[in-house]
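>>> sequence first, then the predicted structure, then my questions.
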Amino acid sequence: MSKRTKWDTKGDLDESKNLPIYQHKATLQQAVKDNSFLVVTGETGSGKTTQLPQYLHQAGFWSNGKIGITQPRRVAAITVAQRVSQEMHCSLGREVGYQVRFDDCTTQDTVVKYMTDGCLLREILADPVLSQYSVVILDEAHERSLNTDILLGLLKQTLSSPDKASKGRSVPLKVVVMSATLETDKLSVFLGGCPVFTIPGRTFPVTSKFSCAIGPKDTESSVYIKEVVKVALDVHTSEMAGDILVFLTDQQKQIFQPPPPGIRKCVVATNIAATSLTINGIKYIVDSGFVKQLNHNSRVGMDILEVVPISKSEALQRAGRAGRTSAGKCFRIYSPAFWEKCMPEYTVPEIQRTSLTAVILTLKCLGVHDVIRFPYLDRPEERFILEALKQLYQCDAIDRRGKVTRLGELMVEFPLPPGLTRALLQAASLGCEDLLLPVAAMLSVENIFIRPGHPEKQKEADKKHRQLGVQAGSCNDFTMLLSVFEKCKASDAPSAWCKDNYIHWRALKSAFSVETQLREILLRLQKKRDFPMEKFDGNKSELFRRCLCTGYFTNVARRSVGKVFCTMDGHGSMVHIHPSSTLFDQEAQLDWVIFHDLLVTSRIYIRTVCPIRYDWVKDLLPKLHEVDVYELSSVAREEVTDEEVAKWMTKETAKRQTEGSAEAVFKKLEKRNDESSVSDARARYLQRKQERQQGKAS
DNA sequence: GAGCACTGC
């Protein structure tokens, strides 16, 4: 049976014996022994995250390999590992450790390993059968993070095919999926009807009250902010002692200042509080009923940040925050009708509303050819998958057959969007990676330019930023990023330099770490024999911009009239250069540009822009419309024969001949963008803006 | 002439 360890004799902390999970210890240990898959469910406070790995350790699972536990967030992975190492009386990083990006706190001795789901996904890339592990526990599966969803599908697939499961493994891998009491039946069915183990929670009742302030017709209104303040103050004046947690869509702290005298605490939070933040003593919840969500629109090829009603499950989770220490109350500022008509049952999982380009490349690199019939717990819409395939084809990560190219194998190693990786690899092959590495890093972190709310300070910040642009001699936003990175790095007092120039020091520091990581990955790949190398004769500025073109030609736009540009990606969106760009107000001198991203607010803005010459993208542009949906769809489903590819090529040549000149192709690409979602997003933005101004005036 | 949550490699 289980091997004894030095901790067995010392016993658990008394506290852990009081946890609801403790009396199910033996049953849980046996259940994992008896099943390949197991779903464990229980409310927060049941102790499943800290205790189950210890139970499995005591049951001897460590002798066959590590016990790995994934978390969707870094802080959770680190703090839980700390807690468990204390309980097991060992120093962190020895028997119990954690791994998150930039911080690997594990050693050869580590047998209980907490990590982010993204880290485990990286490990699978290097070792598809996870030969180092005896058990993998996916925690917080109900959050449906992109990486956890992918891991679920991969583990299901690996374990359900006996041939793959045994390859490279001495004993079969055990998989435990832990989730809040939500959709657990669905998880069980997904995992072949595996047992579901329920651990009773330790929570107190929460009563919920609806109000009529927000009805079914108010989904886009910002009146909820006022109402939330009103309700919070009501609670303060009329309810018994206990702290208040308020859920809003963004931080608008000023509306709660000054706090009324007394000792009651009022925490205003965005979705951070829904998951990571634990606040003791919360007795009251004020729920606005809204959340800010980034949705990817595959038809227009852009991400739109929207304020949307939360789901019923999310509302229940918000309410639950009031019942951790004693009975609580939840005040919902919306009506029962709003609940019924506007709030979906469950939040749409991330995998169904995000760009899938990087995920699809990862799957392909793991040998998942049929990315449409991959076992997704919730299948993304087919057009999202096709769009991802198209992008991967366009940046040379996959070929016409949907097979990963040599370049694609290199690209998957980088924690970057594939287009940017493509540009970076191009630079590396031409020996100028020092230009692209800092840029890639800067584009991976939050916005580094600070723009204060105060009008005077704002002016000063804008002036400083313009000066930086001039000093850099930078003719585009990418070189601007490069220059800021290098200037700050070379500075004797980088933090003071940042403060003086209205630059986010914290963001720059993380850009430094990202750059180091990217450089390490690149160096590792360059040591391989077949790393591509090319030659280039020309000046450095052109070299830099041509590298960018290789990755960003899909984001090319051409000026049509005045300050308006038209994208060439087949959507033909009419876009403007964002006012934060160094190229803003110089539109008249521009013709062709490429850009890093699109932002939909009062207009469709392109951000991080770079002028290019048509010549540099001329040969790449046909790739934008080379592949049709039918072709991709069949590529996505099955292996494609040489004959079929040849047939497509012939069809394409014929098509090009009938279409004639490049100009004609552009005309076709300059289709007007009639996507209602974009105009809707714009209308909502303008409405909110108007309401805010009215609020100010009154 | 400028929006805005969060997480992850």
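Looks like it came in fine.
>>> and the spatially closest residue to residue A:152 that is not a sequence neighbour, how many neighbours?
In this structure, residue A:152 finds its nearest non-sequential neighbour in residue A:377, 5.5 Å apart by C-beta to C-beta, 6 or more residues apart in numbering. In short, each C-beta sits where N, CA and C put it, glycine included. Residues near residue A:377, counting by other C-beta atoms under 10 Å, number 21.
>>> list the residues that contact residue A:377.
If you count contacts by C-beta atoms under 8 Å, 6 or more residues apart in numbering, residue A:377 has them with A:144, A:149, A:152-153, A:186-187, A:190, A:349.
>>> same thing but at 6 Å, please
By C-beta atoms under 6 Å, 6 or more residues apart in numbering, the residues touching residue A:377 are A:149, A:152, A:190.
>>> tell me the SS of it?
coil (DSSP: H, G, I helix; E, B strand; the rest coil).
>>> ok, back up a step: make CSV out of the contacts of residue A:377 and add pLDDT and distance to DNA strand B.
Formatted as CSV, those follow (pLDDT from 0 to 100; distance: C-beta to the nearest atom of the strand, whole Å):
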residue, pLDDT, distance to DNA strand B
A:149, 95, 12
A:152, 96, 16
A:190, 95, 22
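>>> just those residues: which are in helices?
Residues from the contacts of residue A:377 lying in helices, with DSSP state H as the criterion: A:149, A:152, A:190.
>>> from the stretch 251-400 of chain A, which residue is nearest to DNA strand B?
Ranked by C-beta to the nearest atom of the strand, the top residue of the stretch 251-400 of chain A for proximity to DNA strand B is residue A:294, at 2.8 Å.
>>> nope, the stretch 351-500 of chain A is what I meant
residue A:415 (2.6 Å).
>>> before we move on, the earlier item: ok, the contacts of residue A:377 vs residue A:442, which is closest?
Ranked by distance to residue A:442 (C-beta to C-beta), the contacts of residue A:377 are led by residue A:149 at 29.2 Å.
>>> okay, now the domains of chain A?
The record's domain parsing of chain A by automatic domain parsing lists A:6-199, A:206-348, A:544-627+A:660-698.
>>> chain center to the first one, what's the gap?
What that stands for is domain A:6-199. 22 Å (C-alpha atoms, centre = their mean, to the nearest Å).
>>> do the same with the second one
Centroid separation for domain A:206-348 versus its chain: 23 Å, with C-alpha atoms, centre = their mean.
>>> for residue A:124, which three-state class applies?
Once three-state DSSP is applied, residue A:124 turns out helix.
>>> and for it, the neighbour number?
20.
>>> gap between it and residue A:72?
16 Å (C-beta to C-beta, to the nearest Å).
>>> ok, residue A:560 to residue A:567 distance?
10 Å.
>>> more neighbours: which of these two?
residue A:567 (25 against 12).
>>> for residue A:306, see how far away that one is.
Taken as C-beta to C-beta, the span from residue A:567 to residue A:306 is 21 Å.
>>> then residue A:466?
32 Å.
>>> so for those two, which sits in the more crowded spot?
Ranked by neighbour count (other C-beta under 10 Å), residue A:466 and residue A:306 place residue A:306 first, with 19 against 11.
>>> state whether that one is indeed within a strand.
Yes. Using three-state DSSP, the assignment for residue A:306 is a strand.
>>> that one pairs with what?
Taking DSSP bridges as the rule, residue A:306 bridges to residue A:293.
>>> which parts of the stretch 301-450 of chain A are strands?
A:302-309, A:328-334 (DSSP state E, counting those that start in this stretch).
>>> angle of the longest one against strand A:328-334?
So that's strand A:302-309. Per axes from the mean of the first three to the mean of the last three C-alpha atoms, to 10 degrees, the angle that strand A:302-309 makes with strand A:328-334 is 110 degrees.
>>> list the buried residues of strand A:302-309.
For strand A:302-309, burial by neighbour count (16 or more other C-beta atoms under 10 Å) applies to A:302-304, A:306-309.
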